[in-house]
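**Student:** Sharing a sequence plus its predicted fold:
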2 protein chains.
Amino acid sequence: MDQDQARRWLVTAVEEARAGLAEGGIPIGAALYGPDGGLLGRGHNRRVQDGDPSLHAETAAFRAAGRQRTYRGTTMVTTLSPCWYCSGLVRQFGISRVVVGEATTFHGGHDWLAEHGVEVLVLDDPECVALMRDFVEHHPALWNEDIGDASDISDAGG
Amino acid sequence: MDQDQARRWLVTAVEEARAGLAEGGIPIGAALYGPDGGLLGRGHNRRVQDGDPSLHAETAAFRAAGRQRTYRGTTMVTTLSPCWYCSGLVRQFGISRVVVGEATTFHGGHDWLAEHGVEVLVLDDPECVALMRDFVEHHPALWNEDIGDASDISDAGG
């Protein structure tokens, strides 16, 4: 994968993450690029804005791209390592490549994707790390909700 | 898991699948039930109806349930074995149980979920099998599109 192109594409995902943050949302952005390098769809996490837990950044970008007969040759670019939900999306639909802004603050399913033939590039982008680190520090409950982490909830049910 | 309760819950998912079929869509339905047995959300595949590839039956039911702080103790009931996208949803959000109407016409990620601690019950329901078998026979390209199977597309790009 062309690292310069991947970094240019990451700019789109970071713009989406910043747009989400400005709306009071979780700052994760993504973009889906076609085999010819054209943008198919872009989006950001919309849990807070729409009250919609199904729209992670990657699923929002996938949705924005509309119906596609095949995802062969496409690249999902995301500011953060994809969770199992979004990794499952990439695997099921045969998205060929994933560009990950960072996997430091959250380590999702990108290793699993690489094991199953997806080309994965982790960029270790400092801006992406800073965005998430700052957000998780200030909104830990919201972040845990977004990844289904209930470890901080007391289990009254025993 | 209580099999009688699971079969009662499956009725809701089948109703959703039939509603999708009546709308000209892909006949897969799902419902998310809470720990107390209350319905949290229900939905069906909306690829055709909304032109939205992100709304599989399970994600539609999950979306309809709205934001939840935890999915501990919840059950996802679906007419068809969940694809990787929907299996990833179940694993990421810690949904405790999955009731599968059938896994004959499509074998998704339910074994993987069981390996990762999700309680899985496959009901081998003849009505669910008939719904999908008939649909796939008459609309193979649409079904392949829904699961990202591009094997029937000639690859001009080599």
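**Tutor:** Noted; the coordinates are in hand.

**Student:** got the residue ranges for the helices in chain A?
**Tutor:** Listed in chain order, the helices of chain A (DSSP state H) span A:3-22, A:47-50, A:57-64, A:84-93, A:110-115, A:126-138, A:140-146.

**Student:** Could you list everything the most centrally placed residue in chain A pairs with in the sheet?
**Tutor:** Nearest residue to the geometric centre of chain A (C-alpha atoms, centre = their mean): A:T78, 4.1 Å. Per DSSP bridges, the residues bridged to A:T78 are A:A30, A:V100.

**Student:** That one: what's it in contact with?
**Tutor:** A:T78 sits next to A:13, A:28-30, A:57-58, A:61, A:86, A:98-101 when contact means C-beta atoms under 8 Å, 6 or more residues apart in numbering or on different chains. Quick note: C-beta positions are derived from backbone N, CA and C, even for glycine.

**Student:** What parts of chain A come near chain B?
**Tutor:** For chain A, the residues found near chain B under the criterion C-beta under 8 Å from any C-beta of the partner chain are A:35, A:47, A:51-55, A:59, A:62-63, A:65-73, A:83-89, A:91-94, A:109, A:141, A:145, A:147-150, A:153, A:155, A:157.

**Student:** still on that earlier bit, adding distance to B:A19, mean pLDDT and mean neighbour count, write the helices of chain A out as TSV.
**Tutor:** Converted to TSV, these look like this (distance: least, C-beta to C-beta, whole Å; pLDDT from 0 to 100; neighbours: other C-beta atoms under 10 Å in any protein chain shown):
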stretch	distance to B:A19	mean pLDDT	mean neighbour count
helix A:3-22	33	98	18
helix A:47-50	23	98	16
helix A:57-64	21	98	26
helix A:84-93	23	98	27
helix A:110-115	34	98	17
helix A:126-138	39	98	16
helix A:140-146	30	97	17
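
**Student:** Dump those to a markdown table, plus distance to B:E115.
**Tutor:** Listed next are these as a markdown table, based on distance: least, C-beta to C-beta, whole Å:
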| stretch | distance to B:E115 |
| --- | --- |
| helix A:3-22 | 32 |
| helix A:47-50 | 28 |
| helix A:57-64 | 24 |
| helix A:84-93 | 13 |
| helix A:110-115 | 13 |
| helix A:126-138 | 29 |
| helix A:140-146 | 24 |
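
**Student:** Out of the ones you listed, which gets nearest to B:T105?
**Tutor:** Within the helices of chain A, the stretch nearest B:T105 is helix A:84-93; the backing value is 16.1 Å (C-beta to C-beta).

**Student:** how big is the angle separating that closest one from helix B:84-93?
**Tutor:** Interaxial angle, helix A:84-93 versus helix B:84-93 (axes from the mean of the first three to the mean of the last three C-alpha atoms, to 10 degrees): 170 degrees.

**Student:** now helix A:84-93, how far from the centre of its chain.
**Tutor:** Averaging C-alpha positions (C-alpha atoms, centre = their mean, to the nearest Å) puts helix A:84-93 11 Å from its chain's average.

**Student:** same question, stretch A:115-135
**Tutor:** 9 Å.

**Student:** Output it as CSV, nothing but the C-alphas.
**Tutor:** The C-alpha trace of stretch A:115-135 is given here as CSV (Å, rounded to 0.1, in the frame of the first residue of the first chain):
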residue,chain,number,x,y,z
GLU,A,115,-4.9,-13.0,9.4
HIS,A,116,-7.9,-13.3,7.1
GLY,A,117,-6.2,-11.7,4.1
VAL,A,118,-7.1,-8.0,4.5
GLU,A,119,-4.1,-5.7,3.9
VAL,A,120,-3.7,-3.6,7.0
LEU,A,121,-1.6,-0.5,7.5
VAL,A,122,-1.4,1.1,11.0
LEU,A,123,0.0,4.7,10.7
ASP,A,124,0.5,5.5,14.4
ASP,A,125,-0.7,9.1,13.7
PRO,A,126,0.0,11.4,16.7
GLU,A,127,-3.1,13.6,15.9
CYS,A,128,-5.4,10.6,16.0
VAL,A,129,-3.9,9.4,19.3
ALA,A,130,-4.3,12.8,20.9
LEU,A,131,-7.9,13.1,19.8
MET,A,132,-8.9,9.8,21.4
ARG,A,133,-6.7,10.1,24.5
ASP,A,134,-8.2,13.5,25.3
PHE,A,135,-11.7,12.3,24.6
